[in-house]
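1. Any chance you could fold what I've pasted below:
(chains A, B and C)
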Amino acid sequence: MKINDALLGALILLGGLAILLEARTFPATHGQAFGPDLFPTIIGVGLMLAGCGLVVSGWRTRHVTGWVDVSAITPGRWLDALAALLAVVGFIALADWMGFVLAGLLACWLPMVRFRRGHWFSSLAIALVTVLAIDWAFRSVLLVPLPQGALLPRLPW
Amino acid sequence: MVVRTILGSCAAVVALGLLAQQAQAEYPERPIELIVPWGAGGGTDATARILGSLLEQELGVPVNVVNRTGGSGVVGHSAIATAEPDGYTLGILTVEIGMMHWAGLTDLTYEAYTPLALYNQDSAGVQVLSDSEWTTVEEFLDAVRAAEPGTYKASGTGQGGIWHLALAGMLQEAGIDPSAVPWVPSEGAAPGLQDLVAGGVDVVTCSVPEAQSLIEAGRVKSLAIMATDRNPTFPDVPTLKEAGIDWQLGAWRGIAGPAGLPDEVVSTLVPVLEKIHGSDEFRDFMNQRGFGMIFLGPEDYRAFMAESDASLGSVMQALGLAAQ
Amino acid sequence: MSDTLGAAFSLVFDPHVLLVMLAAGAFGLFVGAMPGLTATLATALLVPVTFFMDPVPALAAIVATTAMAIFAGDLPGALLRIPGTPASAAYVDDAYRLTLQGRSGLALGTGLICSVIGGLVGAAILAFAAPALAEVALAFSTFEYFWLATFGLTCAAFVSTGRPVKGFVSLLFGLFIATIGIDIMAGQPRFTLGSVELMGGVSFIPAMIGMFAVSEVLRWALGTTGGRDAALVAQPQARELVRPSLRAIGRYRTGVARGSLIGTAIGILPGAGADIAAWISYAVSKKMSKTPEKFGTGHVEGLVDSGAANNASLGGAWVPALVFGIPGDSITAIVIGILYMKGMNPGPMVMINQPELLYAVFIAFFVANLLLLPLGWLAIRSFGQMLRVPRGALMPVILILCMVGAFAINNTLFGVIIMLVLGVIAFVMEENGFPVAPAILGLVLGSMIERNFMQSMIKADGNLLAFFERPLAAAIGGVTVAIWLLVAVGAVRRWRRAAGGVTG
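-> Residues are numbered from 1 along each chain as shown, chains lettered A, B, ... in the order given. Take a look at the predicted model:
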């Protein structure tokens, strides 16, 4: 996934500007020459300069590289990446309600089915074993309070 | 017939489940989470971990200590306040709960909690290098009066933190402009003390126990503590009051839950906490670290926090450290 | 003296203590190999267990756990390009490329043996020179720390690959992420977008997991760098583990010594630990190397230096902790609490009152590092089996482990969100030639630089010359500025030569 430097440079330029503007709103520390805005200001200016440089060099090479090059990625692979991202987003959204075991099971099983192009049942088995093993190791041995959720009781460990 | 058997077994399972729930209804029946708003390895964390393991022995369920750090304590304190008030999430409150809302960082106050027990209070001290020419706190204050403002620097915690207030309040009470000794914010007492020894600052107003190892190593001495009475672990260190300055300030730690904890939970936990507080293990631990012991039950603890909140607020306003 | 030493030996070589160390070692290997679980967390988890132990087994358990955990971070780093602990992040690219070349045995074998050597050097320095070195560490004020952190940041110029401007953007991005949260200098919330969670700042661990693991999963799914259809990489071969690794270490033996000494030195300094030790020694190794261009392409030389350095820093960190009760890193911060609990109050008195306990701790360090050899070998052999699993089944399992790891650092789903966001950003960055290493370095060092700069300015009443007034600060600052000048001169020369080549 190649994006032309000019586009990324413009994005970096805007990001630097946003940091700079936000930093202007920080109050000065009483009696001090430098306040909490100093480092963000330096960072913002640095990003803007680098962004300008990238815009210039990207603009020069736009005929060679094009704007966005995704030709190497087939539709199936877009779906693979989407499945991976959805698994994480879904886990974040559902874990508190479903609890770790169910949300984790979905987040492990569904992308696995997609990546392996099928194998519904063996994937389910792998995902189930993984999630139960993690639940045991993290909740009981490492005392990490994984989300419990409202749907399932705590497993017997 | 088959259907009836299935129905029957279902009913039996449901009934068993209900029974089990009835039998387990006694609090606590599952692990308790104890949130610490400060990092692993610090003083608050150490007290929470010993409390946690003693609670675990007494209650018979696991007590997991969970560090929720960052944001000068705001993150952890708000995690305790917003937890489900079912008694399975408790936390350690520290003196900062009475400071951060004055500083404008959050709306949280002590009223967002159900207090259970206050178990520790440590007074601020005045620490200088042991080869310093100052031998009493008066000599230090005279030096500050005589010198150009800004000559001497102090450290021990972040900007507007508890030990910063301790210094500023002491100076004000002694009739000196608090800005005469600029505060060098640090990430805590240990980095501040290290900077004292490295020659970076001149005085560190953290608690005496925090300076204990450097005092024992002969690098640092304590000129005074900001308490009404001397600390039994450090009987040679006079109080500020003995030097004629009526100023006391200390950090405290207590255990609490979110507002609205059921009475049943409170009445189960408070006697257990009182028992733990009196136990040899807890006493030995606290003495070993030099942490001051105090015990206040829910009512006194709430009143204590209200008083602490009001006095911190007035000091911070007087010093210009409160948000407008 | 010999009585004390004898007593110390019998304290450590007790079946119970050795058994505790073995169990703690296995625990450390597991925690270290899990992305998101760090050596610090492993130590914190041991605290309640140590309540019920005698001082020697309690401290030996921590020593064993941390030594194993720091090495174990190399395992997922080399095999999956996901560092298990931050201390393995510096050289993860080299280790992973070796794996892709079918040489994971060499990568892990070198890492293991260097870890053991580094750990032994750190332990030896702790045992023989602790009091004197602690004095030096205590002389470091904020001026010196500012220069030290700045020096660390210059390493970004050495660990960066590709176009300098992109490395610069990456570094600034890391520094920016480090400014998010409440600024301790002024108590001012910065870039928090009104979120309480962001007030606490962006935790380093979820950020690191995202930037390495999530971006790796995406890259694999999209198959953009050819990794997807690459032949299944061979698992570590037993014969690769020993002889080729020893040969590599023999070739770069100065690197082993250099890494061990740099690692110990950085460990001794309060506030800098195994991760910074690994970064700095990787950069030094590249700077000193005869073949710096090979770094980052599957070259074993950087692994030698930084693999030794991160384990060496563990022993170093105990120096100020034992002598003055000032933690050398986040692990020893917890250790100090345990020392107090066991009545071994840190300070000179512990050396006089309980020398046998102290010697026992030193001996435990040596035993733990020697124990690392067989346990680490077993871990490499069993962890290597993972490479047999088809990637389609492995990737979702890695993803769920990463989510749990990102969750566990602060026990909140917010960590998972940070992991996701930074993972996507890092993916886009790497696809377009922005190296990730400078961003990680900026994230590690950002707040250290800013804090020490601000503290120093308050102390110096705004006088910038104060950064050169103290002799120690002037020395470190001078070296740093000299390196900047060298880098600048080199860049100008290269640019001139390139320009000359075009016109001529």
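
2. Could you check how far the most centrally placed residue in chain A is from A:P111?
-> The C-alpha lying nearest the average C-alpha coordinate of chain A belongs to A:L85 (CA atoms, centre = their mean; 7.9 Å). For A:L85, the distance to A:P111 equals 9 Å [CB to CB, to the nearest Å]. (C-beta placed from N, C-alpha, C; glycine too.)

3. And stretch B:314-324, what's buried?
-> For stretch B:314-324, a neighbour-count test (16 or more other CB atoms under 10 Å in any protein chain shown) marks B:315-316, B:319, B:321-322 as buried.

4. so how far is it off the chain centroid?
-> Counting by CA atoms, centre = their mean, to the nearest Å, stretch B:314-324 is centred 21 Å from the centre of its parent chain.

5. Same question for stretch C:256-268.
-> Using CA atoms, centre = their mean, the offset of stretch C:256-268 from its chain centre is 12 Å.

6. what about that stretch and chain B, touching?
-> No - Stretch C:256-268 lies apart from chain B when judged by CB under 8 Å from any CB of the partner chain; the minimum separation is 12.5 Å.

7. Could you check the pLDDT of C:Q101?
-> According to the prediction, C:Q101 has pLDDT 85.

8. Quick check: pLDDT value at C:V304.
-> At C:V304, pLDDT is 94.

9. Chain neighbours aside, what residue packs nearest to the residue of chain A found nearest chain B?
-> At 4.6 Å from chain B, A:L143 is the closest residue in chain A, using CB to the nearest CB. Using CB to CB, 6 or more residues apart in numbering or on different chains and skipping the chain neighbours, the partner closest in space to A:L143 is B:N64 (4.6 Å).

10. for that neighbour, phi and psi?
-> Per-residue torsions, B:N64: phi -100, psi 120 (degrees, to the nearest 10).

11. got it, and A:D69?
-> Main-chain dihedrals, A:D69, degrees, to the nearest 10: phi -120, psi 110.

12. Please report the distance of it from C:I425.
-> Counting by CB to CB, the gap from A:D69 to C:I425 is 19 Å.

13. Between those two, point out the one with more neighbours.
-> Remark: of A:D69 and C:I425, C:I425 carries more neighbours, 20 against 13, as counted by other CB atoms under 10 Å in any protein chain shown.

14. in what helix or strand does the more buried one lie?
-> Assessed by DSSP states H and E, C:I425 sits inside helix C:414-431.

15. In contact with the residue nearest to the centre of chain A: list those residues for me.
-> C:218, C:420, C:424 (CB atoms under 8 Å, 6 or more residues apart in numbering or on different chains).

16. what about the second one, distance to A:R77?
-> So the one you mean is C:L420. For C:L420, the distance to A:R77 equals 19 Å [CB to CB].

17. so does the helix-or-strand element of chain A with minimal mean pLDDT get close to chain C?
-> Least confident helix or strand, chain A: helix A:62-65 with a mean of 81, by mean pLDDT, DSSP states H and E. No - Helix A:62-65 lies apart from chain C when judged by CB under 8 Å from any CB; the minimum separation is 10.3 Å.

18. And for stretch B:202-214?
-> Yes - using CB under 8 Å from any CB, we find that stretch B:202-214 touches chain C at B:212-214.

19. Next: stretch B:222-233.
-> No - Stretch B:222-233 lies out of reach of chain C by CB under 8 Å from any CB, never closer than 11.8 Å.

20. Rounded mean pLDDT for that stretch, please.
-> What stretch B:222-233 shows for mean pLDDT is 90.

21. Can you show me the CA trace of that stretch as CSV?
-> C-alpha atoms of stretch B:222-233 as CSV (Å, rounded to 0.1, in the frame of the first residue of the first chain):
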residue,chain,number,x,y,z
SER,B,222,15.8,15.7,58.6
LEU,B,223,15.5,19.1,60.2
ALA,B,224,11.8,19.0,61.2
ILE,B,225,8.5,17.2,60.7
MET,B,226,5.2,19.0,60.0
ALA,B,227,3.2,17.2,62.6
THR,B,228,1.7,17.9,66.0
ASP,B,229,3.9,15.2,67.7
ARG,B,230,7.3,13.7,67.0
ASN,B,231,7.5,10.5,65.0
PRO,B,232,8.3,7.5,67.4
THR,B,233,10.5,6.0,64.7
